[in-house]
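**Student:** fold the following for me, if possible:
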Amino acid sequence: MNNKLWIIGGANVDICGTAQDEIIEKDSNIGHIGIQFGGVGRNVAEICARLGVDVSFVTCFSSDANGKLLQEDCKNKGIDISHSIVSDKYPSSMYLAILDKDGDMHVGMNDMRILNEIDESLIESIFQNINPEDMLMIDGNLSDSLVSYISKHKPCMIASDPVSVAKCKNLDGILNQLDIFKPNAYEAYEYTGIKITDPESARENLVYFLNRGVKEVIISLANHGVLFGTQDELLWLTHRQIHLENATGGGDNFLGAYITQRLRGVRPKDALYFAITAAVSAIERSAEDRKTLSTEVIESMIEAMEIKELVL
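**Tutor:** From the prediction side, this is the model:
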């Protein structure tokens, strides 16, 4: 099956600092700092390309030095960027993350103004190339007006990630158009106002999104697993203990792995098992070691993930 994945979203230069000790607020902390390429849209494109999917990534690159490096990196990873544009109006999109000594997120900041250069005329030209059997993924970094236009004219299934609590509002008006939606627990709370603490509150969160029109909703709960809901089933899936190396990008690996399998016609529950394994395996590796993950490697580790299901 040669269905294609189209991704519209952000590509960032990520600066990630991991604290050596407990973080002291409003002070200079000792730690390790690294630079790599990221962005939800780009990250999902990378994992999907690694898993053998034909991926076309649509974004706006800056004409600056970082923009050129981002373009070259995408090409080297087998990601088609021929439909993307280049602008000299803004600097390259950047993301700054501060991780605690355990490798978990403490605070992040992004500057993605350059995505404002993506307009309806560009989307219209891209949609002419999309087949009904393809899949479209958008991230919450796009403006609410642009995602509204995309949802009204979507030529195929559409998946989305809200990216952050601050950007949840960008997708609020199109939930009824989403085939696949993957918020985390904090983002889900921003929509529902219901904190996930037990099976009943988990069920209420899933039902909220299903009642809003989402067809497949997945709520990631970090080391507590994932919630999954369709009109036919509501599940809480847990897995073995995580040996955290770097939590950055774990959710992107999950979504990329899930939509890869769904694009291939794999049923949702099997796609979930695959995606959980891909995400856990990713955050237990360094950014460099994640490059070794493949469909075959992930499938070989599913059983060892010790995934359990709770029907809600």
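**Student:** from here on, just use CA atoms for contacts and neighbour counts.
**Tutor:** OK.
**Student:** remind me which residues of the stretch 151-300 of the chain are low pLDDT?
**Tutor:** Across the stretch 151-300 of the chain, residues meeting the criterion (pLDDT under 70) sit at 244-249, 286-290.
**Student:** how does it look with 90?
**Tutor:** Filtered on pLDDT under 90, the stretch 151-300 of the chain yields the residue ranges 222-223, 241-251, 280-294.
**Student:** where do the helices sit along it?
**Tutor:** Taking DSSP state H, counting those that start in this stretch to define them, one finds helices in the stretch 151-300 of the chain at 169-172, 185-192, 199-211, 250-263, 268-283, 295-301.
**Student:** just name the most buried of those.
**Tutor:** helix 250-263 (a mean of 26; mean count of other C-alpha atoms under 10 Å).
**Student:** would JSON lines of the helices of the stretch 151-300 of the chain with distance to D21 be doable?
**Tutor:** Formatted as JSON lines, those follow (distance: least, C-alpha to C-alpha, whole Å):
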{"stretch": "helix 169-172", "distance to D21": "35"}
{"stretch": "helix 185-192", "distance to D21": "25"}
{"stretch": "helix 199-211", "distance to D21": "34"}
{"stretch": "helix 250-263", "distance to D21": "23"}
{"stretch": "helix 268-283", "distance to D21": "20"}
{"stretch": "helix 295-301", "distance to D21": "32"}
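**Student:** and stretch 218-228, end to end?
**Tutor:** 5 Å (C-alpha to C-alpha, to the nearest Å).
**Student:** go through it and flag the buried ones.
**Tutor:** I218, I219, S220, L221, A222, G225, V226, L227, F228 (16 or more other C-alpha atoms under 10 Å).
**Student:** off-centre distance for that stretch?
**Tutor:** 14 Å (C-alpha atoms, centre = their mean, to the nearest Å).
**Student:** how close does F61 sit to W6?
**Tutor:** Distance from F61 to W6, by C-alpha to C-alpha: 17 Å.
**Student:** more crowded one of these two?
**Tutor:** Counted by other C-alpha atoms under 10 Å, F61 and W6 do not tie: F61 has more neighbours, with 28 against 25.
**Student:** help me confirm that that one comes into contact with G67.
**Tutor:** Yes: if you go by C-alpha atoms under 8 Å, F61 and G67 touch, sitting 5.2 Å apart.
**Student:** need the residues touching each of these two.
**Tutor:** Common contacts of F61 and G67, defined by C-alpha atoms under 8 Å, 6 or more residues apart in numbering, comprise S92.
**Student:** picking up where we left off before, in strands only, show me the buried residues of stretch 218-228.
**Tutor:** Residues of these located in strands (DSSP state E): I218, I219, S220, V226, L227, F228.
**Student:** now render these as JSON lines, adding distance to T238.
**Tutor:** Formatted as JSON lines, these follow (distance: C-alpha to C-alpha, whole Å):
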{"residue": "I218", "distance to T238": "13"}
{"residue": "I219", "distance to T238": "12"}
{"residue": "S220", "distance to T238": "10"}
{"residue": "V226", "distance to T238": "7"}
{"residue": "L227", "distance to T238": "9"}
{"residue": "F228", "distance to T238": "11"}
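**Student:** farthest-apart pair in those, please.
**Tutor:** S220 and F228 (8.8 Å; C-alpha to C-alpha).
**Student:** please enumerate the shared neighbours of these two.
**Tutor:** By C-alpha under 8 Å, 6+ apart, no residue touches both S220 and F228.
**Student:** separation between R264 and S164?
**Tutor:** 28 Å.
**Student:** need the contact list for H224.
**Tutor:** H224 touches T238, H239, counting by C-alpha under 8 Å, 6+ apart.
**Student:** go on, the one 3 residues further on?
**Tutor:** Taking C-alpha under 8 Å, 6+ apart, we find L227 in contact with A202, L206, V217, I218, I219, S220, L221, L234, L235, W236, L237.
**Student:** right, and the second one touches Q231 too?
**Tutor:** Just to be clear, that refers to L206. No: contact criterion C-alpha under 8 Å: L206 and Q231 do not qualify, at 9.9 Å.
**Student:** can you show me the CA trace of stretch 30-46 as PDB?
**Tutor:** C-alpha atoms of stretch 30-46 as PDB (Å, rounded to 0.1, in the frame of the first residue of the first chain):
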ATOM      1  CA  ILE A  30      24.700  23.700  36.000                       C
ATOM      2  CA  GLY A  31      23.800  21.200  33.300                       C
ATOM      3  CA  HIS A  32      24.400  19.800  29.800                       C
ATOM      4  CA  ILE A  33      23.200  21.700  26.800                       C
ATOM      5  CA  GLY A  34      22.700  20.300  23.300                       C
ATOM      6  CA  ILE A  35      21.300  21.500  20.000                       C
ATOM      7  CA  GLN A  36      19.200  19.400  17.600                       C
ATOM      8  CA  PHE A  37      16.400  19.700  15.000                       C
ATOM      9  CA  GLY A  38      12.800  19.400  16.200                       C
ATOM     10  CA  GLY A  39       9.300  20.700  15.900                       C
ATOM     11  CA  VAL A  40       6.200  18.500  16.200                       C
ATOM     12  CA  GLY A  41       5.500  18.400  12.500                       C
ATOM     13  CA  ARG A  42       9.200  17.700  11.600                       C
ATOM     14  CA  ASN A  43       9.600  15.100  14.400                       C
ATOM     15  CA  VAL A  44       6.500  13.200  13.200                       C
ATOM     16  CA  ALA A  45       7.800  13.400   9.700                       C
ATOM     17  CA  GLU A  46      11.100  12.000  10.800                       C
END
